[in-house]
Structure formats: structure tokens, C-alpha cells
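[1] Following is a predicted model, sequence given first.
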Amino acid sequence: MREQEIADRLEIGDLLAKYAYSIDTGDWARLDLVFTADAVIDYTAAGGIRGTRDEARRWLAEVLPNWPGRQHLIGATTVRFEGDEAVVTASFTDTLAPSRDMVAADAAGLIRGGGWYHHRMIRTPYGWRSRELVEEQSWRTMQ
């Protein structure tokens, strides 16, 4: 691998971590550092919306506070570069809990799941940004 590709892969990994941190902490403004202004975000596989970055931000801010205990883990990532664009697939697991306090493993409202995030990313003057995210649900359990 050339140095530029290594640097790009590291930056893309950091971008995926920023996304997970934004979702888990409710720092919705941070999504501006992850997505382009015209990005399309598709959460329909998980029962969510498909919309622009701003529409997705509003939806997340409305829905996710119902699960204040949130954690997304990003796993195996593949990156295919196409010039200044990249096709990125990253596995994820997530837990959504009805409280940040300790809850029983069978607590009502506890959701666990996993799947893949499919991004189309583009190199911008500010670094890599996602211009499309499609969530692919692989499994989900709910109490």
C-alpha cells in the first residue's frame, strides 16, 4: 500500500468512529463532520427513515433518546477506492438500552443487533465524508 492509501484508510476509520460516537452520545452536530450536506441516509432496514442528513439528524434526535444507553461497535471494514471516492462496508453491532443504569439482560426495551453499514464516501477539502449510508440489518433481538 502507498502512504496516501494508508492515510486515507486511517481517516475513513476515524470517520466511522465519529459516526458511532455521535449516535451513541447524541452529539447530532458532529454528523456534519461525517456526512456531506447532500448525503442520503437510509435506515429503513432497521425500521427507520430514508432521508437527507438533516432529516436523519432530526429523526435520530427524536427517536434515540428513548434508549439513553447506546453503544455501537464498528468491526470488519472493507474499502475500495475509486479515485477520490470510496465504497466502504463496515460491520456493526449495537445495543440500545432503556437506561444508562444497570439493567437485567432481559429488561424490557433492550435492543441488540448487528449488520453492515454501506457508505459511499468522497474526498472533500475537509477530508473524507460519507455522501450515502445504507444500513443493512443482519440480526436484531428485542426484549
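    Okay, I see it.
[2] Tell me the secondary structure of the closest residue to Val63 other than its chain neighbours, please.
    Leaving aside its sequence neighbours, Val63 sits nearest to Gly48 (Cβ to Cβ, 6 or more residues apart in numbering; 7.5 Å). No exception for glycine: its C-beta is placed from N, CA and C like everyone else's. Three-state assignment for Gly48 (DSSP: H, G, I helix; E, B strand; the rest coil): coil.
[3] quick one: Gly48 from Asp84, how far?
    29 Å (Cβ to Cβ, to the nearest Å).
[4] neighbour count winner among the two?
    A side-by-side neighbour count of Gly48 and Asp84, using other Cβ atoms under 10 Å, places Gly48 first with 15 against 11.
[5] and that one, backbone torsions?
    For Gly48, the backbone dihedrals are phi -100, psi -160 (criterion: degrees, to the nearest 10).
[6] so the residue nearest to Val63 sits right up against Glu55, yeah?
    No: using Cβ atoms under 8 Å, Gly48 makes no contact with Glu55, being 10.6 Å away.
[7] which parts of the longest strand belonging to the chain are buried?
    Counting by DSSP state E, the longest strand found in the chain is strand 127-142. Buried residues in strand 127-142, counted by 16 or more other Cβ atoms under 10 Å: Trp128, Arg129, Ser130, Arg131, Glu132, Leu133, Val134, Glu135.
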